[in-house]
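Chemist: Any chance you could fold what I've pasted below:
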Amino acid sequence: MIAVFSLLVGMVFAGTFDVYVSPIQIESRVTNPNIVITHEEGAPYYYSSLYSRHAKESTDHGGYRSVEKVRVYNEDTIETVYSDDCNYRRRPIDCAVKNGHYYVETIVTMNDNQMIFRTTLYGPEGTIINTATRTDEMIVNWIRQQEVTVVETESRQGKQTMTHYGKEEMPLKWEIPYKLLQHHAQQASLGLWVGVKLN
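Modeler: Sure, this is the predicted structure:
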């Protein structure tokens with residue numbers, strides 16, 4: 001009953017829509033022990049609350065205007081408005097379609113070389129409206145290893161410098177691992193909402 005009322009209220013007041021933002025999902029294929037990941041699961045929710053005001057909606061006259069009101073919910077608050085038997089923690093996209101609201105999904109995919117931070121906005125029909133991605137990569141520097149001997153001699157003809165290059169060894173590999181930072185969540189969320197244009 002509450003869900004139906006909320007949906008009708010959202011339709012009556014143009015420019016208002018509800019969004020459920022799920023926590024970050026991590027898909028890790030990392031085998032390198034030097035890659036350490038720490039993250040705040042709720043970051044997409046905080047940044048969606050901050051940046052959702054950048055979303056635009058059609059004026060029906062060929063232009064766009066800012067959406068008047070976006071109500072952003074997370075897994076702790078969504079059930080206060082949509083209190084049916086839908087399990088938002090297990091099947092968020094199904095619940096969003098069933099209850100007729102928008103859904104933001106954030107997936108971080110990692111391997112030993114790259115991290116991809118992707119956030120996607122789904123419409124009430126379950127279709128993708130916009131997506132934004134940020135990446136970070138492992139930096140690899142190769143340090144050359146070769147013995148170099150420099151001999152300086154002084155004679156009547158002046159100073160002479162001789163450089164002798166010894167056997168070159170295999171270069172050293174210096175890895176600088178990527179990091180999952182709050183900055184990635186912030187920039188992806190901003191990119192997502194700035195690009196939203198609803199018809």
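
Chemist: can you map out the strands along the protein?
Modeler: Secondary structure of the chain (DSSP state E): strands at 16-21, 25-28, 56-58, 64-66, 69-73, 102-110, 114-122, 128-137, 139-155, 158-176, 197-198.

Chemist: looking at these, which is closest to residue 45?
Modeler: Smallest distance to residue 45 across the strands of the chain (C-beta to C-beta): 4.4 Å, for strand 16-21. C-beta here means a position set from N, CA and C on the backbone, and glycine is covered the same way.

Chemist: Let me know the angle separating the closest one from strand 102-110.
Modeler: Put simply, strand 16-21 runs at 30 degrees to strand 102-110, going by axes from the mean of the first three to the mean of the last three C-alpha atoms, to 10 degrees.

Chemist: Now strand 16-21: buried residues?
Modeler: Neighbour counts over strand 16-21 (16 or more other C-beta atoms under 10 Å) mark 17-21 as buried.

Chemist: Return the list of helices and strands in contact with it.
Modeler: If contacts are counted by 3 or more C-beta pairs under 8 Å, 6 or more residues apart in numbering; DSSP states H and E, strand 16-21 sits against helix 2-12, helix 43-51, strand 69-73, helix 92-99, strand 102-110.

Chemist: what lines up beside the third one in the sheet?
Modeler: For strand 69-73, the paired strands and their directions (DSSP bridges) read strand 16-21 (parallel).

Chemist: Report pLDDT for the residue lying closest to residue 118 once chain neighbours are set aside.
Modeler: Leaving aside its sequence neighbours, residue 118 sits nearest to residue 133 (C-beta to C-beta, 6 or more residues apart in numbering; 4.8 Å). Looking at residue 133, its pLDDT reads 95.
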